[in-house]
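J.: Sharing a sequence plus its predicted fold:
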Amino acid sequence: MSCSLDPALLKDLTEAKAALARHGIVIIRTVETQLEPAIVAEVKDSLASSPRRLAQMKESDLDELMERVRETAMKSAEELKDLYTRLLAKLGTEYIVELVKELDGIDQLFKWDRIAKSVEPVNRLLDEKGFGPIQLSGPEDLSDGFKLELEERWNTSFVRFKLLAEQAAEQIKHEEEQEKGGPPTRQSKPRKKR
């Protein structure tokens, strides 16, 4: 259906989709490479803030805990990366009308709140051992550029893409109505006169 879109709208939509994909890939790469180290750093700080509890642990138990923390943090990062990869692939669909219905949900998942939840499995491990929970305070915990990428560049690109996708969906719906012999709309009258 996208081939029936206005050429200028199709061009803008294609450019917006490409920009959004670029920012999404940067987010995915940062999650993939920086989330696990950030979680482990928070865990080390949490352990250090409980010196009595830490002193009661055998070195082998501490090593085992840290290994489990790393594995769990890596798994959380991998799951989040996979989720974001699937969402970006969904943005590439040619079914714009269906995609528009899902855009708000997709945008909610590309937020810091969702990324910060990746510490929950690690917190369960810490709780089992009697340590307090950790939390990542913000995207800058992963890297300085990540905050800019997640909160500004992604948002700006997403808003532009969503606006263009909604315009494209409306145009497609309008053309489908015309093909089915639906009632003419105000937009269709000037097009017939031309």
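T.: Right, received. Where do you want to start?
J.: what comes into contact with stretch 149-164?
T.: Applying C-beta atoms under 8 Å, 6 or more residues apart in numbering, the set of residues contacting stretch 149-164 from outside is 9, 12-13, 16-17, 19-20, 23-24, 26-27, 30, 91, 100, 103, 107, 110-112, 115, 139. All C-beta atoms are positioned from the backbone trio N, CA, C, and that covers glycine.
J.: Tell me the buried residues within these.
T.: Those of the contacts of stretch 149-164 that meet the buried threshold are 12-13, 16-17, 19-20, 23-24, 26-27, 30, 91, 100, 103, 107, 110, 112, 115, 139, by 16 or more other C-beta atoms under 10 Å.
J.: who are the neighbours in contact with L136?
T.: Residues near L136 by C-beta under 8 Å, 6+ apart: A38, I39, E42, I115, A116, V119, L142.
J.: no wait, T93
T.: Counting by C-beta under 8 Å, 6+ apart, T93 makes contact with L99.
J.: What's the separation between it and K17?
T.: Taking C-beta to C-beta, to the nearest Å as the measure, T93 falls 10 Å from K17.
J.: List the buried residues for stretch 33-44?
T.: By neighbour count, and taking 16+ other C-beta under 10 Å as the criterion, the buried residues in stretch 33-44 are Q34, L35, E36, A38, I39, V40, E42, V43.
J.: Please flag which of those sit within strands.
T.: Helix and strand membership here follows DSSP state E; of those, not one is in strands.
J.: Out of those, which comes closest to E179?
T.: The closest of those to E179 turns out to be L35 (C-beta to C-beta; 47.4 Å).
J.: That closest one is in contact with A73, isn't it?
T.: Yes - taking contact to mean C-beta atoms under 8 Å, the distance of 7.2 Å between L35 and A73 places them in contact.
J.: Which residues are in contact with each of the two?
T.: Where contact means C-beta under 8 Å, 6+ apart, the residues bridging L35 and A73 through contact with each are S118.
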